[in-house]
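[1] generate a structure from the sequence data that follows.
(one chain, ligands or ions: 1)
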Amino acid sequence: MAEIRVHHLHKAFADFTAVKDSSFAVRDGEFFCLLGPSGCGKTTTLRMIAGLELPTSGQIFLADEDVSFRRASERDIAFVFQMFALYPHMNVRRNIAFPLVSQGMGRAEIARQVESAAQTLRIGHLLDKPVSQLSSGDRQRVALGRAIVRQPKAFLMDEPLGALDAEFRELMCRELRALHDRLGATTVYVTHDQMEAMAMADVIAVMNEGAVEQLGPPREVYECPASVFVADFIGAPAMNFLPFEAALARGEEAIRIGPARLGVPQIREDVSTRPLLAGVRPENVRLADDSDLRAEVLGTEYLGSSTVVTLATAQGASLRAKVDAATPARRGDHVGLAFDARAVSLFDAASGRALR
Ligand code: ATP
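    This is a model prediction of the structure:
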């Protein structure tokens, strides 16, 4: 297996820039997710790593070797497309064996490798069935079988679970991650689904308009978002953003919203002349009667284990609180809101950048 390094990668299609100066390293054996909304350049980045697209500038290293302009077939990387790219007229065995046959491997060795891949994926009992008779989950496993049988240096996966319903997606997420842990293979996984990325990745690269906006483990990306974009894209319900009246001076640890004085983390930068936003995740907003930050309950959404309360502050900001399902809150109620200083992220309102 191998480390993948992407160095100042740039891709333009005529006058449109799809990938802008992206740099990241995927460590040997790591599960790395490229995450972002549709059109942000994830697939283009993955295709350049695979060798299916040439970079306009920048470099790609696979195990320290510069492969930027090497053909896809010379890169020893398996690209797993949407899982249904199988040959429906062939049985499972022949589908999995396909890459090995193309390589000219001997029959006995192919049989051994196919059995071993099928065992890893627990589809040994399906080897002689035509693919057309399989459930979508089993087809998915066959597609994975075809990727792992080659024992490539790395796996690249582009939204492999995109076509599945939610429940099955969750199951396949767990299976994919378990498979990754068994094989220890370096994996780059593209998704626009933050839940998938959070559940599976060791490291997430959040992309926005062609650029990598933040790079880090799921917990770091969730708890210390580098920008309003990342904070908003990750987490459901999304983070609340409260503009505040008075700007914050360096070293201050509280902000004012209307009559309320709210604790925030101390920042090192001097931002006293700029409009700022305080970001608070819904699960960190508490309903507290004694707080001076007043709000009206606009609605509630009962989720079983919790309730999401939609609120409007007296200053006109809207926000959501995810509270214990037993919390009494009804439309029209007037409540106080509180949150811990540690749970607040501060952002520059104009640039969206997080303040540290
Ligand atoms: P999605 O999840 O929708 O595929 P993505 O983040 O993977 O989104 P890309 O497929 O990498 O995004 O596309 C990034 C941008 O580059 C898009 O605006 C897309 O239209 C454009 N693009 C991709 N391939 C080409 C191409 N061959 N020619 C012109 N524009 C392209």
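[2] flag every residue of the protein that's near the ligand.
    With Cβ under 6 Å from any ligand atom as the criterion, the chain meets the ligand at residues 13, 16, 18, 36, 38, 39, 40, 41, 42, 43, 44, 192. Where C-beta positions appear, they are placed from N, C-alpha and C, glycine not excepted.
[3] of those, which belong to strands?
    Under the assignment DSSP state E, these contribute 13, 16, 18 to strands.
[4] so how far is residue 323 from the first one?
    For residue 13, the distance to residue 323 equals 47 Å [Cβ to Cβ, to the nearest Å].
[5] coming back round to it: just the residues of the chain next to the ligand: which are in helices?
    Judged by DSSP state H, the residues of the chain next to the ligand include 42, 43, 44 as members of helices.
[6] among those residues, who's most crowded?
    residue 42 (26 neighbours; other Cβ atoms under 10 Å).
[7] surely residue 271 meets residue 250?
    Yes - shown here, residue 271 and residue 250 form a contact pair, counting by Cβ atoms under 8 Å, at 7.4 Å.
[8] and the strands in the stretch 251-356 of the chain, which stretches?
    254-257, 260-263, 276-280, 286-287, 294-302, 306-313, 318-324, 334-338, 344-348 (DSSP state E, counting those that start in this stretch).
[9] tell me what the fourth one is packed against?
    What that stands for is strand 286-287. In terms of contacts (3 or more Cβ pairs under 8 Å, 6 or more residues apart in numbering; DSSP states H and E), strand 286-287 is packed against strand 318-324, strand 334-338.
[10] what are the buried residues along stretch 233-247?
    233, 234, 235, 237, 239, 240, 241, 242, 244 (16 or more other Cβ atoms under 10 Å).
[11] oh, I was asking about stretch 90-104
    Buried, per 16+ other Cβ under 10 Å, within stretch 90-104: 90, 91, 92, 93, 94, 95, 96, 97, 98, 99, 100.
[12] mean pLDDT for the strands of the stretch 251-356 of the chain - can I get that in TSV?
    Below are the strands of the stretch 251-356 of the chain laid out as TSV (pLDDT from 0 to 100):
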stretch	mean pLDDT
strand 254-257	86
strand 260-263	88
strand 276-280	94
strand 286-287	95
strand 294-302	96
strand 306-313	97
strand 318-324	96
strand 334-338	96
strand 344-348	94
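[13] so for residue 120, which of those strands sits nearest?
    For these, proximity to residue 120 was assessed by Cβ to Cβ; strand 306-313 is nearest, at 37.9 Å.
[14] higher neighbour count, residue 271 and residue 250?
    The neighbour comparison of residue 271 against residue 250 (other Cβ under 10 Å) goes to residue 271, with 18 against 11.
[15] now do the contacts for that one.
    Contacts for residue 271 (Cβ atoms under 8 Å, 6 or more residues apart in numbering) come out as 247, 248, 249, 250, 348, 355.
[16] then residue 54?
    48, 68, 69.
[17] helices and strands around whichever helix or strand the first one is part of, which ones?
    Residue 48 is part of helix 42-50 when elements are defined by DSSP states H and E. Using 3+ Cβ pairs under 8 Å, 6+ apart as the contact test, the elements touching helix 42-50 are strand 4-13, strand 16-26, strand 31-35, strand 77-80, strand 154-158, strand 186-191.
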